[in-house]
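*Asks:* sequence first, predicted model second:
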Amino acid sequence: MRYMTLAWVFIELAATNIALAQHVCPQNEVYDIMGGRCISCDMCKEFPEMAICTNCTKQAPTPVAAIGSEQKLVDVLFRTYNKKVRPVKNFSSPIWVTFDMNLNQIADMDERNQVLKTNIWTTETWIDEMMRWDPAEYDGIDQIRIPSSDLWMPDITLYNNAEAVDYSADSESGANCVINYTGSILYKSRPTILKSTCRVNVKYFPFDVQMCKMKFGSWAYDSQQVNMIQVDDKAQLTHFIQNEQWQLEFAIARRHITFYQCCPEVYPDISFYICIRRKPLYYIYNLIIPCVLLCALSFLGFFMPYNVGVVKASLSVTLILSLTVFLLLVAEMMPRTSKEIPLIGQYYLAAMSLISVSTAMNVAVLNVNVCNRDVPKWIKVVVMKYLAALMCMRESRCKGRRSLIKSPNFASARRAHYNGRYVAGAQCSRDASLYNLHRSSGRHTSFHGYNNDSTDEDVDWKFSKVEQSVGEICKHLKSVQRMYERKTSLRDEWVFVATILDKMLMFLFIMATIITSMCLLLQNPGDSVALCQHNVNKDESFYGNNTRSE
């Protein structure tokens, strides 16, 4: 009976295997003979007592696809790799990092905030002792590219960074490293915009030359852990784009070893010195030429007639206000510093001072012109004699005016102009009055004819009274004429003095304007390359004997 039962079981198993062979189910499923369909093996988790669950456990394991050589290499390299520690087998061995910078563009120079904006990318090379393999074991693969976020990276940063974002964190995100089978790693950062602090010297603005430094170095590792060396003495300028406002003179690299007060260790760095020279055409056209024209307009105040009065002074005040507006524009461009005053600011202040002095000159000349007292003797000697000769103005000019005033016709005409009537006989005398009386003696007959009771004595007495009256009138007219001529002579003398002073002050103003413009606008900071080289040497002297250039 037992044997019959075993035979029946073998028959059922054989039938089941035949059915399974005829019905092939997908992976993780088995064929249910009773139900005649494929059932998922996941049901066995809920109903493990089912008979078909035994078939789920008997399924063959899924074959693993073949792994590529590069993937296998990466799995082997990163199996025990830790990016948090330096990849060296000997802890005392430093990692030598070769550093280089490609300067693509001088994007901007913010003089007010003293920030230089540049477009660059950097190149770093070092040896990672944990990234070595035999290319023969991996189908001849000698290079692989791994994201920099998966590798240990030297924490090289920009020391004089002017942004809140760290340079190393921003440039390393998403960039790949090229790893050689010898362990050499080449890292090229993505092109990025850097803002670095730069000490701006505005003394010769807009003819200034600026020297800016970009200092790169490890922030946490000293020279015994991470040491830096430079590739070349100059920054790479293969893809450099010229700026419209700044001319690049040179960009050199220097390696320094620095001792800091905080730490006893030595910290190496590589500094790139960028020398740029400003292109002044824009500022000449928009700031300097308008100022020169305004100064030229101030000359018109010396050629305006004296009778315009306050108009001469108002012209100078208007020019001063115009220069003040331009000076405010310059002040908005420059940093708030008390160390140096920009050259163009000095020129504007000098121009405003000269125009203010010219205004005072015009007011003084106007007061001299209307003066009505006697000209002092020293003014006659100094001004009318020596200054008139120096200004090529002769004193006869004043005498000519005075002799012209003394002529009878001119004097009578002046009186007729001011008094509204014409007074004849300005040069009358006693003889002339007698002559006129004798001419009228022919009328005595008719006179006696009408006055028969009058005697010759009465006639003579009357004529003597008329003659006396006429003489007094002539004497009064002469006195009035002398007073007028004296007043006119004094006025002409003061006008002559004012004319001499006005001409002298005009020449002084012209000379002062020309000398000031030449002294300020023609100042040259010198050879820009030599000046920047001097600044580089001065900066390197800061490091003292601990500075080394390679």
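*Replies:* Nice, I can see it.

*Asks:* residue nearest the centroid of this structure?
*Replies:* In the chain, the centroid-proximal residue (CA atoms, centre = their mean) is residue 333; its distance is 4.7 Å.

*Asks:* let me see the contact set for that one.
*Replies:* Going by CB atoms under 8 Å, 6 or more residues apart in numbering, residue 333 touches 111-112, 205. Heads up, the C-betas are built off the backbone N, CA and C, glycines and all.

*Asks:* repeat the analysis, applying 10 Å as the threshold.
*Replies:* Taking CB atoms under 10 Å, 6 or more residues apart in numbering as the criterion, residue 333 is in contact with 111-112, 202, 205-206, 283, 287, 342, 344-345.

*Asks:* can you tell me which of the residues you listed is nearest residue 227?
*Replies:* Of all the contacts of residue 333, residue 227 sits closest to residue 111, with 36.4 Å by CB to CB.

*Asks:* measure the closest one to residue 200 for me?
*Replies:* The spacing between residue 111 and residue 200, counted by CB to CB, to the nearest Å, is 5 Å.

*Asks:* surely residue 271 is in contact with residue 252?
*Replies:* Yes - proximity of residue 271 to residue 252 meets the contact threshold set by CB atoms under 10 Å, at 9.2 Å.

*Asks:* so which of these two has more stuff around it?
*Replies:* Under the criterion of other CB atoms under 10 Å, the comparison of residue 271 against residue 252 puts residue 271 first, with 22 against 17.

*Asks:* output the below-cut-off pLDDT ranges for the stretch 151-300 of the chain.
*Replies:* 166-174 (pLDDT under 70).

*Asks:* tell me where it has helices.
*Replies:* Counting by DSSP state H, counting those that start in this stretch, one finds helices in the stretch 151-300 of the chain at the ranges 167-172, 281-283, 289-297, 300-303.

*Asks:* repeat that for the stretch 351-500 of the chain.
*Replies:* Remark: helices assigned in the stretch 351-500 of the chain by DSSP H, counting those that start in this stretch are 377-381, 388-390, 396-406, 408-419, 430-439, 444-450, 456-521.

*Asks:* mind listing the shared neighbours of residue 111 and residue 200?
*Replies:* Going by CB under 10 Å, 6+ apart, residues that sit against residue 111 and also against residue 200 are 208, 210, 334-335.

*Asks:* hmm, residue 151 and residue 83 touching each other?
*Replies:* Yes - with the criterion set as CB under 10 Å, residue 83 and residue 151 qualify as a contacting pair; they are 5.8 Å apart.

*Asks:* which of those two has more residues huddled nearby?
*Replies:* When neighbours are counted by other CB under 10 Å, residue 83 and residue 151 differ, and residue 151 comes out ahead with 20 against 13.

*Asks:* so what's residue 137 scoring on pLDDT?
*Replies:* Confidence per residue is given as pLDDT, and for residue 137 that number is 89.

*Asks:* mind showing which ranges of the stretch 351-500 of the chain have poor pLDDT?
*Replies:* The model of the stretch 351-500 of the chain has pLDDT under 70 over residues 369, 394-456.

*Asks:* swap in 80 and give it another go.
*Replies:* Low-confidence segments of the stretch 351-500 of the chain (pLDDT under 80): 361-463, 465, 467, 482-500.

*Asks:* and the spatially closest residue to residue 76 that is not a sequence neighbour, what's its pLDDT?
*Replies:* Nearest non-adjacent residue to residue 76, counting by CB to CB, 6 or more residues apart in numbering: residue 133, 7.4 Å away. Reported pLDDT at residue 133 in the predicted model: 92.

*Asks:* same check, this time on the one 10 residues further on
*Replies:* With respect to pLDDT, residue 143 scores 92.

*Asks:* how many other residues sit next to it?
*Replies:* As a burial measure, residue 143 scores 11 neighbours (other CB under 10 Å).

*Asks:* spit out the contact partners of it.
*Replies:* Taking CB under 10 Å, 6+ apart as the contact definition, residue 143 lies against 135, 178-181, 184, 186.

*Asks:* buried only: go through those residues for me.
*Replies:* Buried subset of the contacts of residue 143 (neighbour count, 16 or more other CB atoms under 10 Å): 179-181, 184, 186.

*Asks:* next step: the residues you listed restricted to strands.
*Replies:* 179-180, 184, 186 (DSSP state E).

*Asks:* got CSV for those, with distance to residue 139 too?
*Replies:* Rendered in CSV, the data for these read as follows (distance: CB to CB, whole Å):
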residue, distance to residue 139
179, 16
180, 16
184, 20
186, 22
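
*Asks:* which one is residue 271 nearest to, not counting chain neighbours?
*Replies:* Nearest residue to residue 271, sequence neighbours excluded (CB to CB, 6+ apart): residue 215, at 4.7 Å.

*Asks:* just checking, that neighbour touches residue 198?
*Replies:* No - contact between residue 215 and residue 198 fails when scored by CB under 10 Å: they sit 11.4 Å apart.

*Asks:* overlap in contacts, the two.
*Replies:* residue 160.

*Asks:* more neighbours: which of the two?
*Replies:* Using other CB under 10 Å as the criterion, residue 215 and residue 198 rank with residue 198 on top: 24 against 19.

*Asks:* and residue 316, what pLDDT?
*Replies:* Per-residue confidence (pLDDT) for residue 316: 80.

*Asks:* need the contact list for the closest residue to it other than its chain neighbours.
*Replies:* Residue nearest to residue 316 in three dimensions, not counting chain neighbours: residue 359, with 3.8 Å by CB to CB, 6+ apart. If you count contacts by CB under 10 Å, 6+ apart, residue 359 has them with 298, 301, 312-317, 319-320.

*Asks:* from residue 310, how far off is residue 359?
*Replies:* Computed as CB to CB, the residue 359 to residue 310 distance reads 11 Å.

*Asks:* and what of residue 189?
*Replies:* Here the criterion is CB to CB. By it, residue 189 lies 68 Å from residue 310.

*Asks:* counting neighbours around each, name which of those two comes out higher.
*Replies:* residue 189 (21 against 11).

*Asks:* can you verify my assumption that that one contacts residue 120?
*Replies:* Yes - here residue 189 lies in contact with residue 120, judged by CB under 10 Å, at a distance of 8.4 Å.

*Asks:* now do the shared contacts for residue 359 and residue 310.
*Replies:* residue 317.

*Asks:* run the chain-centre distance for the longest strand seen in the chain.
*Replies:* With DSSP E applied, the strand covering the greatest number of residues in the chain is identified as strand 95-110. The chain centre lies 24 Å from the centre of strand 95-110; the measure is CA atoms, centre = their mean, to the nearest Å.

*Asks:* before we move on, what about stretch 345-357?
*Replies:* Stretch 345-357 has its average C-alpha position 21 Å from the chain's average C-alpha position, going by CA atoms, centre = their mean.

*Asks:* check contacts around residue 274.
*Replies:* With contacts defined as CB under 10 Å, 6+ apart, the neighbours of residue 274 are 103, 106, 116, 118, 196, 198, 210-214, 235, 246, 248-252, 532.

*Asks:* buried ones among those residues?
*Replies:* Buried residues within the contacts of residue 274, counting neighbours by 16+ other CB under 10 Å: 103, 106, 116, 118, 196, 198, 210-214, 235, 246, 248-252, 532.

*Asks:* all strands for the stretch 1-150 of the chain, in order.
*Replies:* All strands of the stretch 1-150 of the chain, identified by DSSP state E, counting those that start in this stretch, fall at 29-32, 37-40, 95-110, 115-127, 143-147.

*Asks:* circling back: what's the average pLDDT for the longest strand of the chain?
*Replies:* Mean pLDDT, strand 95-110: 92.

*Asks:* same for it, what does it pack against?
*Replies:* Strand 95-110 sits against strand 115-127, strand 184-188, strand 192-197, strand 209-218, strand 226-230, strand 246-259, strand 266-278, with contacts defined as 3 or more CB pairs under 10 Å, 6 or more residues apart in numbering; DSSP states H and E.
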